[in-house]
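>>> generate coordinates for the sequence data below:
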Amino acid sequence: MRVPSTLHFERHVPLEGCFNFRDLGGYRTSDGRWTRPQLLYRADGPHALTAVDVNNLAHMGIATVIDLRTTSEVEQRGCYSAVISDVVEYHLPMIDVLPDTDELPGWVDPAIVAGRYREMLDEGEDVIAEVLAILSDPIAYPAVFHCSAGKDRTGIIAAVILGLLRVPDDTIIADYALSEAPMTRLVEHYKRQYPDATEQLERLAPAMVASHPNAMTGFIDGIRRDYGGFAAYATAIGVGKAPGLLRTALLT
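Next comes the predicted model:
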């Protein structure tokens, strides 16, 4: 009998004011283990959290928040630590400046997206190393890492972590593709919040929503080609012990 690669449970955390908050548990690894649910989450930003959302987040017992957004994004849109008590928050901008809106329409092309992800991987090397170091400590959990949309910067970190846990490439790619539906809801939220920007949002929506599997496939292929794999990548950026520590913390 074929063993499934994914446990069937609701990995999307239902929040009214956050659209792409989801659990990275329940994925089978190549050595027959599973990622543990309710320990590590990937997410978008705290766009419009309600009192119900705040209550639900409080019951999740989150100990660590890793914020990958730029300083300007944090200033404009707030942070999770403002509503989650007793949490340690790290602000680790993965990029210094957001892409120009004139560039974004091209992000529907998976090859362009894969190339931009590789640029962010290289430019954000120190941040990625620090994220892996933070999550190597078992007292960090439960933890969430996020950017504004929870798709691009967050998707890169999620791919690296799942790769280090020996989750197969096709599962990593499928996890990335789960962002498409939440991104559609996020675009609709922005239209309601910024009605004067509806025309621009319509123009940018295809790129904002796009979570094509080939984009993540190209990104992973580049890591394997240039580093020999995820564990070798961790060694190259100075956190060679992270794969073993992450597996101890996150696998069952």
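>>> show me what contacts G240?
231, 234 (CB atoms under 8 Å, 6 or more residues apart in numbering). In this view, the C-beta of every residue, glycine as well, is placed from N, C-alpha and C.
>>> meant to ask about L92, not that
With CB under 8 Å, 6+ apart, L92 has these contacts: 66-68, 127, 130-131.
>>> pull the helix or strand with minimum mean pLDDT from this structure.
In the chain, the helix or strand scored least confidently by mean pLDDT, DSSP states H and E is helix 198-209, which has a mean of 83.
>>> now that one, how far from the centre of its chain.
The chain centroid and the centroid of helix 198-209 are separated by 21 Å under CA atoms, centre = their mean, to the nearest Å.
>>> which parts of it are buried?
Judged by neighbour count (16 or more other CB atoms under 10 Å), helix 198-209 contains these buried residues: 201, 204-205, 207-209.
>>> could you say what helices and strands it packs with?
Using 3 or more CB pairs under 8 Å, 6 or more residues apart in numbering; DSSP states H and E, the elements in contact with helix 198-209 are helix 180-193.
>>> give me the most central residue, this protein.
For the chain, the residue nearest the mean C-alpha position is T154 (2.5 Å; CA atoms, centre = their mean).
>>> isn't it up against L68?
Yes - under the criterion of CB atoms under 8 Å, T154 makes contact with L68 at 6.5 Å.
>>> need the residues touching each of those two.
145-147.
>>> for the protein, what spans make up the helices?
Secondary structure of the chain (DSSP state H): helices at 51-59, 71-77, 110-123, 125-135, 153-164, 169-177, 180-193, 198-209, 213-227, 230-236, 242-250.
>>> can you redo the ones you listed as CSV with distance to R33?
As requested, these are arranged in CSV below (distance: least, CB to CB, whole Å):
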stretch, distance to R33
helix 51-59, 27
helix 71-77, 35
helix 110-123, 26
helix 125-135, 17
helix 153-164, 12
helix 169-177, 13
helix 180-193, 27
helix 198-209, 33
helix 213-227, 20
helix 230-236, 16
helix 242-250, 8
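>>> mean neighbour count, those: which tops it?
Greatest average neighbour count among these goes to helix 153-164 (a mean of 24), per mean count of other CB atoms under 10 Å.
>>> could you give the angle of that one to helix 213-227?
Counting by axes from the mean of the first three to the mean of the last three CA atoms, to 10 degrees, helix 153-164 lies at 60 degrees to helix 213-227.
>>> for the contacts of L92, give me TSV that also has distance to Y141 and pLDDT.
Formatted as TSV, these follow (distance: CB to CB, whole Å; pLDDT from 0 to 100):
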residue	distance to Y141	pLDDT
I66	12	98
D67	17	97
L68	18	97
V127	20	97
E130	17	98
V131	14	98
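>>> which of those sit farthest apart?
D67 and E130 (12.2 Å; CB to CB).
>>> which neighbours do the two share?
With CB under 8 Å, 6+ apart as the test, D67 and E130 both reach 90, 92.
>>> burial measure for P93, as a count.
By the criterion of other CB atoms under 10 Å, P93 has 18 neighbours.
>>> report the contact partners of it.
Going by CB under 8 Å, 6+ apart, P93 touches 68-71, 127.
>>> of the residues you listed, which is the nearest to Y117?
Proximity of the contacts of P93 to Y117 (CB to CB) peaks at L68, which lies at 13.1 Å.
>>> surely that closest one meets V144?
No - if you go by CB under 8 Å, L68 and V144 don't touch, sitting 10.9 Å apart.
>>> what are the bridge partners for T35, then?
Beta bridges link T35 to L251, judged by DSSP bridges.
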